[in-house]
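Here you go, sequence then predicted model.
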Amino acid sequence: MNAAFNRNEDWMKMAVSLAKQHFEKIKMGGGKKAMEKQRERNKLTARERIDYLCDKGTLFTEIGTFAGFEMYEEQGGCPSGGTVAGLGYVSGRQCMIVANDQTVKAGAWFPITGKKNLRMQEIAMENHLPVIYLVDSAGVFLPMQDEIFPDKEHFGRIFRNNARMSAMGITQIAAVMGACVAGGAYLPIMSDETLMVEGNGSIFLAGAYLVKAAIGEDIDNETLGGAVTHTEISGIADYKFKTEQDCLDHIKKIMNKLGEPAKAGFDKIKALPPKKDPNELYGIMHEGNLKPYDMLEIIERIVDNSEFDQFKADYGKTILCGYARIEGWAVGIVANQRLVSKNKKGEMQIGGVIYNDSADKAARFIMNCNQKKIPLVFLQDVTGFMVGSRSEHSGIIKDGAKLVNAVANSVVPKMTIIVGNSYGAGNYAMCGKAYDPRFIYAWPSAKIAVMGGDQAAKTLLQIQVAGMKSQGKEVSAEVEKELLDRIKASYEKQTSPYYAAARLWVDNIIDPIETRQVIAEGLTAANQNPQMESFSTGVFQV
């Protein structure tokens, strides 16, 4: 490999290394002392529970790892949103596992906790996945109750989803391994089966202290709502166990007896590894993503046998469309091309920008994939739609609307990987978060914003300087530079993949060589929902 490749590789590997360092810190949850306290009570941590529950040697695809990253710092932080969750295999069955992390503020729900739990339920509903809840939570974080309790997408939506999933025939199993209080007490009872651990698991609307304050009754928590009470007196819980391990073993037995899931019928054959080395993904994108590169080189290191059958290869060259397989699954790929090219008129086309012809091509390809029942994979590195009089006069908004229409109305599963830039309306057209991808991941090189940092900073600077001058203030070159640097630093932080992952704009930040793996797991999940609406694009201008 040449020197440029080596520089690119070093840059990307450093970005991946940073993500892994952050992950190691996040895995500590509320810290060593909190974890030790958990073990003193004969309790496993959330990650230990998941590790014990999942089939040995199988993959656990964590989702929302960076939820809450660098948020709520005044409250002591909320690593991973106080919840560990993702796709795992239990008794051979892929399912959604959601585990409260009691080491983080006693498992209390912050606003991001609610958002993360709702996202996990959304994934389960979209893909008809069984759900296993490992409950150990003190309920709503009271100092922020106004941001988690009353609104449509807040705490109460969890129980609404419990009811909706039950009506959809989606299995839900709740294991109460610690506290389960107040409104949160409804979650296990709205599940199909409820398991409790003696001595630690408890379910009640109000704990002993609140009962004493409210009605003057003296009672301990175990008698009020422990495992014996709820399996022998109230009948609320179905099983009780001496240890967490016994409880988790019984979940495996329940999962082992589930009926076979229906299938969507997406095509899958025996997988072949890529011919081109996936490790070379580290060196393809230029350092800082500042120079063009060939997206085809990335695709060929993700797909089976490095085979990619291009659709309209010589037309609309700033978007690549084509058919391939990933771990045996048939997929249609829509990817932004970063190379500078020429159209049929000999006009230069800037890579990463969506032009009229590329928008038209991608819209047609998406329609074809819906016609053929082929899931879609979007690889984003887009700076937006082409601007200027020539594009406007050619109807770029009209052609862009066709693409957005096709993406919005697509009924086959969509998966999005943000490898580089994801700017402006390009984010929408390439199936950003607002367009319901089943799963959406980001490389550490991703940037998500309404426009690039330099353009945004200069625009914001012009507005600030104009405002200062209108007040009669002199603005020197030094002051302008200081303002620009400050604006740019703030904006760059907001465009980082960590900022996006903290707010669940993406499901996780992944190592580039994991791309093939997470897509395959997502397609395995998607294939379990046989219900698909008929495809219709509605009205658009031609």
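Yes, it's here. None of the values given here were measured: they were computed from a predicted structure.

okay, CA-based contacts and neighbour counts for the rest of this
OK.

tell me the SS of Ile448?
Here Ile448 is recorded as strand under DSSP: H, G, I helix; E, B strand; the rest coil.

in the sheet, who's paired with it?
Counting by DSSP bridges, Ile448 is bridged to Ser422.

What about it, how many residues nearby?
Applying other CA atoms under 10 Å, we find 28 residues neighbouring Ile448.

State the distance from it to Thr524.
According to CA to CA, to the nearest Å, Ile448 and Thr524 sit 27 Å apart.

try Glu24
The gap separating Glu24 from Thr524 is 28 Å, by CA to CA.

And Glu300, by the same measure?
From Glu300 across to Thr524, the span is 21 Å (CA to CA).

And the two? Which one has more around it.
Each of Glu300 and Thr524 has its neighbours counted (other CA under 10 Å); Glu300 has more, 20 against 17.

From the chain's centroid, how far away is stretch 66-83?
Mean-position distance between stretch 66-83 and its chain equals 16 Å (CA atoms, centre = their mean, to the nearest Å).

Show me what it is in contact with.
When contacts are defined by CA atoms under 8 Å, 6 or more residues apart in numbering, stretch 66-83 is touched by residues 23, 26-27, 29-30, 46, 64-65, 98-102, 104-105, 107-110, 112-113, 116-117, 498-499, 501-504, 508-509.

Recalculate using a threshold of 6 Å.
26, 29, 65, 99-101, 104, 107, 112-113, 501-503 (CA atoms under 6 Å, 6 or more residues apart in numbering).

among the helices and strands of the chain, which has the poorest mean pLDDT?
helix 453-470 (a mean of 74; mean pLDDT, DSSP states H and E).

Next secondary structure after that helix?
For helix 453-470, the following helix or strand on the C-terminal side (DSSP states H and E) is helix 477-495.

Buried residues in the next helix or strand after that following helix, which are they?
Where DSSP H and E defines the elements, the next helix or strand beyond helix 477-495 is helix 497-502. If you call a residue buried by 16 or more other CA atoms under 10 Å, then helix 497-502 has these buried ones: 497-502.

ranges for the strands of the stretch 51-200 of the chain?
Taking DSSP state E, counting those that start in this stretch as the test, the strands found in the stretch 51-200 of the chain are 61-62, 83-90, 93-100, 131-137, 172-181, 193-197.

Turn those into TSV, including distance to Ala442 and mean pLDDT.
Listed next are the strands of the stretch 51-200 of the chain as TSV, based on distance: least, CA to CA, whole Å; pLDDT from 0 to 100:
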stretch	distance to Ala442	mean pLDDT
strand 61-62	13	98
strand 83-90	16	98
strand 93-100	21	98
strand 131-137	25	96
strand 172-181	29	94
strand 193-197	36	97
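
Might you list the low-confidence residue ranges for this protein?
For the chain, the stretches flagged by pLDDT under 70 are 1, 183, 453, 456-457, 540-542.

picking up where we left off before, could the strands of the stretch 51-200 of the chain be laid out in a markdown table, adding mean neighbour count and distance to Ile396?
Formatted as a markdown table, these follow (neighbours: other CA atoms under 10 Å; distance: least, CA to CA, whole Å):
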| stretch | mean neighbour count | distance to Ile396 |
| --- | --- | --- |
| strand 61-62 | 16 | 39 |
| strand 83-90 | 25 | 40 |
| strand 93-100 | 25 | 41 |
| strand 131-137 | 25 | 44 |
| strand 172-181 | 25 | 47 |
| strand 193-197 | 25 | 54 |
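
Throw those into JSON lines and include distance to Pro437, thanks.
Supplementary listing: the strands of the stretch 51-200 of the chain in JSON lines, determined by distance: least, CA to CA, whole Å:
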{"stretch": "strand 61-62", "distance to Pro437": "17"}
{"stretch": "strand 83-90", "distance to Pro437": "16"}
{"stretch": "strand 93-100", "distance to Pro437": "17"}
{"stretch": "strand 131-137", "distance to Pro437": "20"}
{"stretch": "strand 172-181", "distance to Pro437": "23"}
{"stretch": "strand 193-197", "distance to Pro437": "30"}
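
which stretch among those comes nearest Gln464?
Evaluated with CA to CA, those place strand 83-90 nearest to Gln464, the distance being 40.9 Å.

Using the centroid of this protein, identify the residue furthest from it.
Taking CA atoms, centre = their mean, the residue of the chain most remote from its mean C-alpha position is Gly472, at 47.9 Å.

sorry, back to before: for the contacts of stretch 66-83, work out which two are farthest apart.
Gly107 and Ala501 (20.3 Å).

on that earlier part again, could you redo the contacts of stretch 66-83 as CSV and give each row distance to Arg157?
Below are the contacts of stretch 66-83 laid out as CSV (distance: CA to CA, whole Å):
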residue, distance to Arg157
Ile26, 27
Gly29, 25
Thr65, 22
Ala99, 18
Asn100, 17
Asp101, 20
Val104, 22
Gly107, 18
Ile112, 14
Thr113, 12
Ala501, 22
Ala502, 21
Arg503, 18
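
Remind me what the lengthiest helix in the chain packs against, helices and strands.
Longest helix of the chain, by residue count under DSSP state H: helix 3-26. Contact here means 3 or more CA pairs under 6 Å, 6 or more residues apart in numbering; DSSP states H and E; on that basis helix 3-26 packs against helix 281-284.

contacts for the helix or strand that comes right after the helix it packs on?
As assigned by DSSP H and E, the chain's next helix or strand after helix 281-284 is helix 295-299. Here helix 295-299 makes contact (CA under 6 Å, 6+ apart) with Gln337.

What strands line up against the following helix or strand past helix 295-299, and which way round?
Moving toward the C-terminus from helix 295-299, the first helix or strand encountered (DSSP H and E) is strand 309-310. Pairing partners of strand 309-310, with direction, according to DSSP bridges: strand 319-326 (antiparallel).

The helix or strand following the partner strand relative to strand 319-326, how many degrees between them?
Next along the chain after strand 319-326, taking DSSP H and E as the criterion, comes strand 329-336. Orientation check (axes from the mean of the first three to the mean of the last three CA atoms, to 10 degrees): strand 329-336 against strand 319-326 gives 160 degrees.

mind checking how far strand 329-336 is from the chain centre?
Distance, centroid of strand 329-336 to centroid of chain: 19 Å (CA atoms, centre = their mean).

Also stretch 470-489?
Relative to its parent chain, stretch 470-489 has a centroid offset of 38 Å by CA atoms, centre = their mean.

ok so, going back, let me know which of the strands of the stretch 51-200 of the chain is the nearest to Val211.
Per CA to CA, nearest to Val211 of the strands of the stretch 51-200 of the chain: strand 172-181, 12.4 Å.

Dump the C-alpha coordinates for the least confident helix or strand of the chain into CSV.
Only the C-alpha atoms of helix 453-470 are listed here, as CSV (Å, rounded to 0.1, in the frame of the first residue of the first chain):
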residue,chain,number,x,y,z
GLY,A,453,-18.6,22.9,9.5
ASP,A,454,-16.7,25.5,7.5
GLN,A,455,-19.8,26.7,5.7
ALA,A,456,-21.9,26.8,8.8
ALA,A,457,-19.3,28.6,10.9
LYS,A,458,-18.8,31.3,8.2
THR,A,459,-22.6,31.7,7.8
LEU,A,460,-23.0,32.1,11.6
LEU,A,461,-20.0,34.4,11.8
GLN,A,462,-21.5,36.7,9.1
ILE,A,463,-24.8,36.9,11.1
GLN,A,464,-23.0,37.7,14.4
VAL,A,465,-20.7,40.3,12.8
ALA,A,466,-23.6,42.0,11.0
GLY,A,467,-25.4,42.2,14.4
MET,A,468,-22.4,43.7,16.1
LYS,A,469,-21.9,46.3,13.4
SER,A,470,-25.5,47.2,13.5
